[in-house]
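# the following comprises the amino acid sequence and a computationally predicted model.
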Amino acid sequence: MVEEKIIENIVNEFLDHEYPEEIQLEFQEWILNSQNRKEKDDALMKYAVGLNPEFDHQVFSKKLEKVNATIDQKKFRYTKRLFIRFSTIAAACMLLVVSTYLLTVKYAFVANNEVFITSSHSKGEFQLPDGSKVILNASSRLEVPADFSDQNRHVHLDGEGYFNIKKDPDHAFNIASEHANIKVLGTIFNMKSYSSGEYAEVVLERGLVEVTGKNILKAIRMEPGERLVIDKSVEVSKVLVGNYTSWTGKQLLIDNLPLKDILVNLEHWYNVEFQTTGKFDPSPRLTFMVDNESLDKVLEQIAMLTSFKYKISNNVVYYYSE
């Protein structure tokens with residue numbers, strides 16, 4: 001039991017963090033070694049479930065069996081390998097490729113589609129086939145269909161993504177989600193639309209986007225610096241775009257910002273929701289940097305310097321000012 005837990009911790013630690021190439025190769029050799037094979041397979045299975053609870057366990061188990069059989073036949077010459085693919089920001093998710101045994105099924109094992117998934121504790125940066133780039137926040141999923149091409153640019157987002165779309169006036173880039181759909185020709189913007197939530201948010205940094213959705217009666221064309229929120233109503237307002245895109249960096253720099261803007265930054269950085277429960281003073285200005293500190297630690301420091309009070313429950317921060 002203790003050994004199983006150790007193996008599970010090793011797998012989770014490696015897949016949730018970015019490591020140098022030499023360590024990645026050592027991990028590949030260790031995971032392919034026949035010793036404690038069942039425990040390793042179970043750990044991979046458990047991690048995959050955390051990324052996508054809907055994938056087919058039986059199919060995954062059969063493919064693992066074929067992989068192990070092939071490794072045994074080759075006597076660990078590694079002509080067939082298990083590769084772990086990492087993003088430049090963090091180890092976002094797992095990609096298993098073993099010759100024809102796993103075919104082209106990736107991440108969530110959606111037939112013929114490529115699916116990028118981030119865990120609840122990581123962010124991932126990816127480049128799409130047309131050259132467009134996207135950074136996914138934690139607990140996000142971007143599905144790219146098999147027929148995606150320079151002429152057919154359609155994807156589906158569940159979560160939050162920062163998109164830098166390659167400009168192509170003749171072929172629009174389309175993003176579908178639970179609460180909103182976006183049509184772009186070439187632009188940079190942030191989109192947040194979790195199927196588990198009840199609202200969508202689009203913040204346009206540069207270019208032009210056209211937004212439609214279930215609660216939008218007429219398509220909305222946004223201008224740079226605008227934020228569109230789709231909830232029980234639809235609202236467009238001017239904002240400081242950096243407050244909504246700072247989560248894409250490796251560090252979060254808060255430079256003399258008022259508390260109301262700081263909370264927006266933290267909401268996206270930690271992928272949580274902030275809700276006020278009473279009187280709130282948004283005016284105190286602070287300067288600090290967030291690296292690997294926990295949300296509770298950061299909020300504790302803010303509370304020491306201001307009248308800010310808070311309570312964290314599940315994924316929601318309830319706050320007020322004394």
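Received it, and whenever you're ready, just let me know what you need. Not measured: the values here are computed from a predicted model.

# all helices of the chain, in order?
With helices called from DSSP state H, the chain shows them at 2-15, 21-32, 37-51, 57-73, 242-245, 259-269, 295-305.

# comparing these, which yields the minimum mean pLDDT?
Ranked by mean pLDDT, the helices of the chain end with helix 57-73 at the bottom, a mean of 58.

# for stretch 282-298, measure first residue to last.
End-to-end distance of stretch 282-298 (C-alpha to C-alpha, to the nearest Å): 17 Å.

# quick one: contacts for L305?
Residues in contact with L305 (C-beta atoms under 8 Å, 6 or more residues apart in numbering) are P284, L286. From N, CA and C alone the C-beta is placed, and that goes for glycine too.

# make that F163, sorry
S132, K133, V134, I175, V184, T187, I188, F189, N190, M191.

# can you select the buried ones among those residues for me in PyMOL?
Selection of buried members from the contacts of F163 for PyMOL, criterion 16 or more other C-beta atoms under 10 Å:
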select buried, resi 132+134+175+184+187+188+189+190+191
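
# can I get the contacts of F163 in JSON lines with pLDDT and distance to S122?
Listed next are the contacts of F163 as JSON lines, based on pLDDT from 0 to 100; distance: C-beta to C-beta, whole Å:
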{"residue": "S132", "pLDDT": "93", "distance to S122": "21"}
{"residue": "K133", "pLDDT": "93", "distance to S122": "17"}
{"residue": "V134", "pLDDT": "94", "distance to S122": "15"}
{"residue": "I175", "pLDDT": "96", "distance to S122": "21"}
{"residue": "V184", "pLDDT": "92", "distance to S122": "26"}
{"residue": "T187", "pLDDT": "93", "distance to S122": "26"}
{"residue": "I188", "pLDDT": "95", "distance to S122": "22"}
{"residue": "F189", "pLDDT": "96", "distance to S122": "22"}
{"residue": "N190", "pLDDT": "96", "distance to S122": "18"}
{"residue": "M191", "pLDDT": "96", "distance to S122": "19"}
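
# show me what contacts the nearest residue in space to F116 that is not next to it in sequence?
Leaving aside its sequence neighbours, F116 sits nearest to L142 (C-beta to C-beta, 6 or more residues apart in numbering; 4.6 Å). Contacts here follow C-beta under 8 Å, 6+ apart; on that basis L142 touches V115, F116, F126, V134, L136, V155, H156, L157, D158, G159, G161.

# now, which of those residues sits nearest V316?
Using C-beta to C-beta, G159 is the member of the contacts of L142 that sits closest to V316, with 17.2 Å.

# let me know the pLDDT of the closest one.
pLDDT, G159: 94.
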